[in-house]
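A.B. asks: requesting a structural model of the entry that follows:
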Amino acid sequence: MFEINAVFRKLIGKGSNRRLRLKGKIPAIIYGKKKKNLNIELNHDYIKKIEIKKNFYIKPIILNINKKKIKVKIQNIQWHQFKLKIIHIDFLYYNFIK
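C.D. replies: All right, here's what the predicted structure looks like:
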């Protein structure tokens, strides 16, 4: 199981997401049925290192957000069209996966 450090992001939208990517961060969201959506940011270089491991897409992931641990699974990863960069990640709360 992977553990990833994340930070809440207050600014959302196209411009703020572009500024995040320029700083080497990835905008992401965590969502699930009857739960509040959480907008977070992740370190791009760290995600790229662990993303190549085979269990990254299969096993649940622990996100450490402000000393709180949330168990999630990857729902979708959006990649840049021709660069090897991640643009955005969607996570799903692990409790809602069947």
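A.B. asks: now the residue lying closest to residue 65 once chain neighbours are set aside: how far from residue 64?
C.D. replies: Once its chain neighbours are removed from consideration, residue 65 has its nearest residue in residue 6; the separation is 4.8 Å (C-beta to C-beta, 6 or more residues apart in numbering). C-betas here are computed from N, CA, C, even on glycine. Between residue 6 and residue 64 the distance, using C-beta to C-beta, to the nearest Å, works out to 7 Å.
A.B. asks: for residue 74, same thing?
C.D. replies: In this structure, residue 74 and residue 64 are separated by 16 Å, where distance is defined by C-beta to C-beta.
A.B. asks: what sits against the closest residue to residue 61 other than its chain neighbours?
C.D. replies: For residue 61, the nearest residue in space outside its immediate sequence neighbours is residue 2; the separation is 4.9 Å by C-beta to C-beta, 6+ apart. Counting by C-beta atoms under 8 Å, 6 or more residues apart in numbering, residue 2 touches 50, 53, 55, 56, 59, 61, 62.
A.B. asks: right, I'll leave it there.
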